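Asks: Pasted the sequence and its predicted model underneath.
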Amino acid sequence: MKNILAHRVMSVPPSGIRKFFDIAATMRDVISLGIGEPDFVTPPGICQAGIQALARGETHYTSNSGLLELREAISEHLQRLYGISYDPETEILVTVGVSEALHLALLAVVNPGDEVIVPTPCFVSYAPGVIFAGGKPIILYTKEENGFQVLAADIARALTPKTKALLLGYPNNPTGAIMSRERLLEIARLAKEHDLVVISDEIYDRLVYGTEPICFASLPGMRDRTIVLQGFSKSYAMTGWRLGYAAGPSEIIAGMRKIHQYIIMSAPTSAQFAALEALRNGEADVQRMLAEYDRRRKVLLKGLVQIGLSCFESKGAFYAFPSIRVTGMTSDEFASRLLEEEHVAVIPGTAFGECGEGYVRICYATALEKIEQALERMYRFMQRHG
């Protein structure tokens, strides 16, 4: 059969991350600084809550929206952290990871031909998600000299009558950048002036170093035009549990819930009980893991400079985004040769957008001793190529 696949599927390339995972899986003695996943095991209390739910026979569907008790806990969590109030009945939806929440948000608000502004470098799913929803991603480049923060002036220049939404991802994957309150306020004023929906992916909000996280919906006038995407994977080391949520205006959440009903039904039940325990009693675990990530972050950033790779100070998530331009290699060439010659896996910056050329993403969600070993190997590599 000819042309069996839809054009929107054919137009999206495979993830640039997967290539390096597949190669590394065939090699011995590889230190992987590529996968964006906590190396910590889910804390015992959270695991026990999931196990106990299974033992009680909690193996059936929940409400499409998720356990009401969990939604109430999410509402209290957002109120406590950011002072934002959401109705657990109508304004919170529990999803299969933040990936589903992102997909639902785009499907719910984007009409065919609508434009969605996507600052890059960004998570690999953003632009494809817009395309799958029938929209057109408008790619904005962020720059290291601005700390990889997106500027309101750049957004303003990208606006057209077709602009429907702005997709933000801070703390940022892959750069580790965070947004200042001043720049977020400028964007908020622009969103209000041009009646934009803001989809704010804040999955790394608890992993911020030396400052307090900012929820976009907490800014003046933004609650009712913002879809906050959140989850448990990163902060609570629950990636395999596949649980996220969206919070936003009831009309938008109702639209997302309608799609969720048809394609998912409900998020995993045992994972929801585990997440409830995470919100109730997991804060000490979050702080413990945060402190360890910060220790690794400082070692990695210092080590990168010492081996000859400049790197701005990332202050969120668990990524560093050093420049590799001094080597004269492309991002893909650097990552390929580093893996081949020294068995260290990093991800080319171009996997996260064209403006990632000249950079690589390094994840420090791995043991400190492995980070130190990787730096030693990278030093040898730079001695030959830097």
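Replies: Cool, the structure landed.
Asks: The nearest residue to Ser85 once chain neighbours are set aside sits in which helix or strand?
Replies: Of all residues not flanking Ser85 in the chain, Gln79 sits nearest, at 5.6 Å (CB to CB, 6 or more residues apart in numbering). Any C-beta I mention is one placed from the backbone N, CA and C, and that applies to glycine too. Element membership for Gln79, per DSSP states H and E: helix 68-82.
Asks: residues of that helix that come out buried?
Replies: Neighbour-count burial for helix 68-82, counted by 16 or more other CB atoms under 10 Å, picks out 70-75, 77-78, 82.
Asks: got a pLDDT number for Ala105?
Replies: Ala105 carries a pLDDT score of 98 in this model.
Asks: From Val124, how far out is it?
Replies: 17 Å (CB to CB, to the nearest Å).
Asks: okay, now the domains of this protein?
Replies: Per the record, the chain has its domains at 7-42+284-385, 44-281, by automatic domain parsing.
Asks: In space, what's closest to Ala127 - neighbours in sequence excluded?
Replies: The spatial neighbour of Ala127 that comes closest, neighbours along the chain excluded (CB to CB, 6+ apart), is Pro137 at 4.1 Å.
Asks: Can I take it that the one you found is in a helix?
Replies: No: membership of Pro137 in a helix is not supported by DSSP: H, G, I helix; E, B strand; the rest coil, which gives strand.
Asks: That one: what's it in contact with?
Replies: Pro137 sits next to 115-116, 118, 126-127, 130-131 when contact means CB atoms under 8 Å, 6 or more residues apart in numbering.
Asks: all helices for the chain, in order.
Replies: Here the chain has its helices, by DSSP state H, at 7-10, 18-25, 44-55, 68-82, 97-109, 126-132, 152-158, 181-193, 250-263, 269-281, 283-306, 331-342, 368-385.
Asks: Comparing those helices, which comes out most buried?
Replies: Scoring the helices of the chain by mean neighbour count under mean count of other CB atoms under 10 Å gives helix 97-109 as the most buried, with a mean of 25.
Asks: Can you show me the CA trace of it as PDB?
Replies: Extracted in PDB, the C-alpha atoms of helix 97-109 (Å, rounded to 0.1, in the frame of the first residue of the first chain):
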ATOM      1  CA  GLY A  97       2.400  11.000  33.000                       C
ATOM      2  CA  VAL A  98       2.900  14.600  31.900                       C
ATOM      3  CA  SER A  99       3.300  13.300  28.400                       C
ATOM      4  CA  GLU A 100      -0.400  12.500  28.200                       C
ATOM      5  CA  ALA A 101      -1.300  15.800  29.900                       C
ATOM      6  CA  LEU A 102       0.700  17.700  27.200                       C
ATOM      7  CA  HIS A 103      -1.000  15.800  24.400                       C
ATOM      8  CA  LEU A 104      -4.400  16.300  25.900                       C
ATOM      9  CA  ALA A 105      -3.800  20.100  26.400                       C
ATOM     10  CA  LEU A 106      -2.700  20.500  22.800                       C
ATOM     11  CA  LEU A 107      -5.600  18.400  21.400                       C
ATOM     12  CA  ALA A 108      -8.100  20.300  23.500                       C
ATOM     13  CA  VAL A 109      -7.100  23.900  22.500                       C
END
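Asks: packing partners for it?
Replies: strand 92-95, helix 126-132, strand 163-169, strand 197-201, strand 226-231, strand 244-247, helix 250-263 (3 or more CB pairs under 8 Å, 6 or more residues apart in numbering; DSSP states H and E).
Asks: Next, format those as CSV and append distance to Cys215 and mean pLDDT.
Replies: CSV is the format used below for these (distance: least, CB to CB, whole Å; pLDDT from 0 to 100):
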stretch, distance to Cys215, mean pLDDT
strand 92-95, 14, 98
helix 126-132, 19, 97
strand 163-169, 11, 98
strand 197-201, 8, 98
strand 226-231, 6, 98
strand 244-247, 9, 98
helix 250-263, 16, 98
